[in-house]
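Trainee: Model the following, please.
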Amino acid sequence: MKAKILALLALFLLSTACRKEDDPQQPVQQNIYLTKLTAPSYIDSFAYDGNNRVVTFTRHYSAPNTDQVYSYSDFNSFGKPTKATYTYTGSPNSNVVFTYDSSGRLTKEEYFNPTTNALENYYTYTYNSSGLDTITEYSSANVIGYKWVYTQSGGNTTSITKYNSANVQQYKNSYTSFDSKNSEDKFYPDHMKTHLTNNITAYSFTMSSTTNYTVAYDYNPENFPTKKTTTNLTTNNTTVVTYDYIKK
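Mentor: The predicted structure follows:
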């Protein structure tokens, strides 16, 4: 009887082993998410919920020692927040409302006093066939403040020009070349994006004069940057930005 039981057990173990060999478990597909960007003067941190949506964005400035924090809520069908609370060290809090068009593009960003619910200021976003066209800042009295005009091509922003309320140019960033890898910009909330698909490898900054820069990257296996080194072609000085990610 014992020999019969052992023989049956052996057959069971053999059949189980065969099933495991015939049906191997596939590795779980994981996606990558940016958790921290460390620049010389600030650190950006990202916290995600169970649906992998950014629920808290923090920008910590080293000098002065301050934090700019957005906490997002009330996500729409596009997975984008329609509300947020905004805090900045040493400043009153604000409640933020985001409005989107039927394509899920951000069209308005409004800041309200959390006590009185009075409108403090707001931004509008307009688009053309290439993408984002203009971001315009308004006071609560609908007076135009600053304006940022974008040009875009091939999914990348190629220039950003800032104007003051008198429509006088303040500065211009011109992005002249890109790599073919993935930009970390995709992880930023819509109102914080530069609107890049790829990474900038050369650009110029114009204020009273023009300075040219080149940018080199290290990448992870998912083709996102892990290190960015920017070189000022006038002074030859370099700055380094690093990126941390998680998989989930």
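
Trainee: alpha carbons only for contacts and neighbour counts from here, please
Mentor: Fine.

Trainee: Report the secondary structure state of S174.
Mentor: Look at S174: counting by DSSP: H, G, I helix; E, B strand; the rest coil, its state is strand.

Trainee: excluding its backbone neighbours, what's nearest it?
Mentor: Leaving aside its sequence neighbours, S174 sits nearest to S159 (Cα to Cα, 6 or more residues apart in numbering; 4.3 Å).

Trainee: ditto for V55
Mentor: Closest to V55 by Cα to Cα, 6+ apart is Y72, at 4.8 Å.

Trainee: What lies in contact with the stretch of helix or strand the one you found belongs to?
Mentor: Using DSSP states H and E, the element containing Y72 is strand 66-75. Strand 66-75 is contacted from outside by 54-61, 81-89, using Cα atoms under 8 Å, 6 or more residues apart in numbering.

Trainee: Now the buried members of the residues you listed.
Mentor: 54-61, 81-88 (16 or more other Cα atoms under 10 Å).

Trainee: among those, which are in strands?
Mentor: 54-61, 81-88 (DSSP state E).

Trainee: follow-up on the earlier one: the residue nearest to S174 belongs to a strand?
Mentor: Yes - counting by three-state DSSP, S159 is part of a strand.

Trainee: At the geometric centre of the protein, which residue sits there?
Mentor: Per Cα atoms, centre = their mean, the C-alpha nearest to the average position across the chain is that of Y188, at 1.5 Å.

Trainee: And the pLDDT for the residue nearest to V55?
Mentor: The per-residue pLDDT reported for Y72 equals 98.

Trainee: number of nearby residues for it?
Mentor: Y72 has 21 neighbouring residues, counting by other Cα atoms under 10 Å.

Trainee: is it in a bridge, and if so with what?
Mentor: A84 (DSSP bridges).

Trainee: and what of D44?
Mentor: Under the criterion used here (DSSP bridges), D44 is bridged to L37, R59.

Trainee: wait, isn't it in contact with L37?
Mentor: Yes - look at D44 against L37 with Cα atoms under 8 Å: they come within range, at 5.0 Å.

Trainee: hey, where'd the helices end up in the protein?
Mentor: Using DSSP state H, the helices of the chain run over 2-22.

Trainee: shaky segments in it?
Mentor: Where the chain drops to pLDDT under 70, the residues are 1-29.

Trainee: can we see that at 80?
Mentor: Residue ranges of the chain with pLDDT under 80: 1-29, 90.

Trainee: Could you report the distance from T176 to E137?
Mentor: To E137, T176 is 27 Å away according to Cα to Cα, to the nearest Å.

Trainee: Next: Q169.
Mentor: From Q169 over to E137 (counting by Cα to Cα), the distance is 15 Å.

Trainee: more neighbours, those two?
Mentor: Taking other Cα under 10 Å, Q169 and E137 do not tie; E137 has more neighbours (21 against 16).

Trainee: Report the contact partners of the residue lying closest to that one once chain neighbours are set aside.
Mentor: Closest residue to E137 apart from its sequence neighbours, by Cα to Cα, 6+ apart: Y123 at 4.5 Å. Residues in contact with Y123 (Cα under 8 Å, 6+ apart) are 108-110, 135-138.
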